[in-house]
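Undergrad: 3D, please:
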Amino acid sequence: MKKRYLLFFLCCVLSISFLDAQVLFVNAAATGANNGSSWANAYKSLSVALKTAQTNPSVTEIWVAKGTYSPASTNNRDSSFYINRNNLKLYGGFAGSETSPGQRNTAVNSTILDGRNIAYHTMIIELDTLSANPPAIDNTTLVDGFTFINGNANKGGVTGNFHPQYAGGALFISCSGSSQNITPAIQNCTFKNNYAFQGGGAIAYYGISTASNTFKIFNCIFQENRASYAGGGLSIMQLDAAYYEVPGVYNVALSHCSFNENIVDNASQSQGAVGGGVDALGDGQLRITNTVFANNTINKAGTQAVYKGSAISLRTGNSKPAPVLTLVNSLVYYSGSENFPVLYNAAGTAHTINSTLFNAQGAVLYMNANTSNTIENSIFWTGAANTDVMTAGSGSPSVTFTNSTYTAAYPPSINVTAQNASNSDPLFNNPAAGNFTLQPASPAINAGNNTLYNNSTYGNADLAGYNRIANSIIDMGAYEANSIALPVAFGALSALIRNRVLQVTWTTETETDNDHFEIEASADGRHFKKIATIASRAPGGNSSNALDYEYRIDAAEAMSVLGLMGVSFLCLLFLPGKRRWAWTLTVLAAGLIFYSCTKKETAAVDTSGTKLYIRIAQVNKDGAKEYSKVVLVSNE
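TA: Okay, the predicted model is just below:
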């Protein structure tokens with residue numbers, strides 16, 4: 001009897017974390033009490049809801065109904081939607097009657113954040129400037145389902161210490177001069193017609209990433225944004241390289257996004273424009289997967305001989321290390337009448353995997369200094385006859401092609417190494433119309449190397465959502481020929497232990513004949529055990545819209561489903577900080593190792609670490625399975 005009471009008490013204590021959570025509702029058309037307690041009594045102002053959440057940590061979500069919201073009703077240009085705390089999810093796209101974010105239809109219920117060409121920054125996310133040691137912000141701070149328009153960072157001044165009025169017209173993200181992590185997540189958003197006098201017409205990221213934290217942008221559209229020096233869509237800046245003297249590096253991941261017709265018009269700098277889509281400055285990691293850059297443009301200074309990176313630019317400053325770019329399953333092209341090299345590598349390292357880069361009029365890559373460029377399973381092609389596919393402004397940059405196709409014309413100053421490479425026309429279907437899938441006779445089909453592509457890291461879908469490897473051998477470029485659509489196209493996936501609860505969240509872009517998902521856990525990333533089954537939310541198992549999923553494990557469920565591993569969650573109640581985390585993962589790992597032993601697995605299991613891995617198995621109605629990538633559980 002005592003054991004039963006003890007178990008009941010422990011489950012009640014752990015359940016408190018769920019009871020504390022609070023949702024605020026916002027609807028510009030609401031007519032009720034205007035206190036945010038329900039859809040009927042929703043706040044009419046998003047700014048008021050954010051101010052309430054800023055001082056009330058129990059508020060963890062804000063749901064915003066369709067409509068147009070502006071930072072202020074006055075002409076105060078420094079007024080912005082403001083977030084300076086962790087664990088706050090801001091959801092748009094509601095009709096105004098839903099009971100969960102998964103019921104939203106963001107395509108129908110447009111939730112617009114309008115800077116009205118008045119606000120320097122329509123939204124600011126930054127560390128708490130009033131704290132000497134501000135707490136970190138990670139992916140538990142989320143902005144999801146909004147359209148940002150008419151941000152206007154058009155001035156050369158600075159508001160406060162780290163609010164430059166020339167960067168981040170729609171969204172400005174800042175570490176506020178502190179070497180502390182700030183890595184929110186932005187997903188399912190559209191950025192259109194925003195402007196910055198210098199960098200980041202849509203988003204400027206003046207942030208720092210610590211440990212394994214990553215600033216994530218997922219399933220977002222950047223359309224017709226403009227800057228006058230760098231990063232028409234997105235500007236990423238390492239503050240130490242930009243002479244702000246704030247040490248730290250960035251880690252940024254773009255996934256399933258599109259950058260269309262963004263522009264850098266060179267109005268503010270004489271050196272020429274860079275990075276019509278994305279500009280990365282200084283020491284950091286930039287990973288771009290399953291993303292399209294289409295016809296972004298730049299202007300050049302009168303004395304400048306060439307353009308510099310109409311889609312992506314990599315630069316450095318203040319004698320600091322340069323960016324490292326990893327470009328996977330992506331399409332980067334320009335099909336207009338100017339010679340716009342789509343990628344500019346001034347001093348960084350570029351690693352291209354299964355991507356297609358094309359310039360209808362000339363080079364796809366422009367390099368300075370002694371840069372390093374590794375091209376694997378990819379296509380570098382120009383549509384202009386007798387034109388170099390690569391150019392170099394200075395130094396002796398190196399380019400290594402492995403299992404790739406490229407136009408065999410480039411200056412002698414570029415050091416080219418080729419292995420299993422081809423110079424044959426890849427035979428795109430219709431590049432003038434933006435169709436870079438491969439014709440049946442393309443020499444790029446079945447010409448890649450499977451070992452160069454990591455399914456666990458990059459997923460098993462090509463840019464179109466088809467199986468990444470068809471006919472047993474991977475193709476070159478972003479698109480797989482002769483492939484079939486995957487039943488589920490996975491989007492973002494994350495797992496963390498927070499507030500004594502293991503939380504697993506994932507997004508599907510599309511679902512076809514999907515029955516359910518199985519969440520699997522592992523201590524070593526190889527031997528997985530099913531810990532939960534989640535039914536598909538798609539009607540009839542079919543959906544063409546993005547759907548969000550979340551699963552949490554409390555104490556009772558952990559002990560009944562995970563057995564020995566469930567004990568670890570109870571330990572979370574009593575052990576402090578680092579000891580609690582280490583003990584949790586140790587016991588979780590022990591439970592999974594025990595499970596592996598009972599299944600008589602012969603592979604060795606590493607017991608020296610305290611890591612936990614999660615993956616999602618998608619199960620069709622006919623029982624067939626496809627797996628997501630594997631992620632490492634993080635601790636908040």
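
Undergrad: which helix or strand in the protein has the lowest average pLDDT?
TA: helix 2-19 (a mean of 41; mean pLDDT, DSSP states H and E).

Undergrad: any stretches of the protein with poor pLDDT?
TA: 1-21, 73, 157-162, 267-272, 300-307, 554-610, 636 (pLDDT under 70).

Undergrad: what's the spacing between the residue nearest to Phe259 when sequence neighbours are not counted and Asn299?
TA: Residue nearest to Phe259 in three dimensions, not counting chain neighbours: Gly277, with 3.8 Å by CB to CB, 6 or more residues apart in numbering. All C-beta spots, glycine's among them, are computed from the backbone N, C-alpha and C. Distance, Gly277 to Asn299, using CB to CB, to the nearest Å: 15 Å.

Undergrad: and the two? Which one has more around it.
TA: Gly277 (36 against 16; other CB atoms under 10 Å).

Undergrad: ok, the more buried one - contacts?
TA: Listed by CB atoms under 8 Å, 6 or more residues apart in numbering, the contact set of Gly277 reads Phe222, Gly231, Gly232, Gly233, Leu234, Phe259, Asn262, Phe293, Asn296, Ser310, Ala311, Ile312.

Undergrad: what about 7 Å?
TA: Phe222, Gly232, Gly233, Phe259, Asn262, Phe293, Asn296, Ala311, Ile312 (CB atoms under 7 Å, 6 or more residues apart in numbering).

Undergrad: let me know the closest of the residues you listed to Asn499.
TA: Minimum distance to Asn499 across these is 33.7 Å, recorded for Phe222 (CB to CB).

Undergrad: residues in contact with the one helix or strand the closest one maps to?
TA: Using DSSP states H and E, Phe222 sits in strand 221-223. By CB under 7 Å, 6+ apart, the list of residues contacting strand 221-223 from outside reads 190-192, 202, 233-234, 257-262, 277.

Undergrad: direction included, what does that strand pair up with?
TA: Sheet partners assigned to strand 221-223 using DSSP bridges are listed as strand 190-192 (parallel), strand 258-260 (parallel).

Undergrad: show me what the helix or strand that the first one is followed by is packed up against.
TA: I take that to be strand 190-192. Elements were assigned by DSSP H and E; along the chain past strand 190-192, the next helix or strand is strand 195-196. Strand 195-196 sits against strand 152-153, with contacts defined as 3 or more CB pairs under 7 Å, 6 or more residues apart in numbering; DSSP states H and E.

Undergrad: just checking: what are the partner strands of the strand it packs on?
TA: Using DSSP bridges, strand 152-153 pairs in its sheet with strand 195-196 (parallel).

Undergrad: what sits up against the strand it pairs with?
TA: In contact with strand 195-196 (CB under 7 Å, 6+ apart) are residues Gly151, Asn152, Ala153, Asn154, Tyr166, Ala167, Gly168, Gly169, Gly201, Ala204, Arg226, Ala227.

Undergrad: swap in stretch 388-398?
TA: Taking CB under 7 Å, 6+ apart as the rule, stretch 388-398 contacts 306, 341, 363-373, 380-382, 399, 406-407, 409-411, 413-415.

Undergrad: follow-up on the earlier one: can I get the contacts of strand 195-196 in CSV including neighbour count and distance to Ala432?
TA: Formatted as CSV, the contacts of strand 195-196 follow (neighbours: other CB atoms under 10 Å; distance: CB to CB, whole Å):
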residue, neighbour count, distance to Ala432
Gly151, 35, 33
Asn152, 23, 34
Ala153, 29, 35
Asn154, 18, 35
Tyr166, 22, 37
Ala167, 28, 35
Gly168, 35, 34
Gly169, 34, 32
Gly201, 36, 27
Ala204, 30, 34
Arg226, 21, 25
Ala227, 38, 28
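
Undergrad: on the three-state scheme, the residue lying closest to Lys320 once chain neighbours are set aside is what?
TA: Once flanking residues are discounted, Lys320 sits nearest to Ala241: 4.0 Å by CB to CB, 6+ apart. Classification of Ala241 using DSSP: H, G, I helix; E, B strand; the rest coil returns coil.

Undergrad: Ala241 contacts Ala280, correct?
TA: No - Ala241 lies out of contact with Ala280 (CB atoms under 7 Å); the separation is 10.1 Å.
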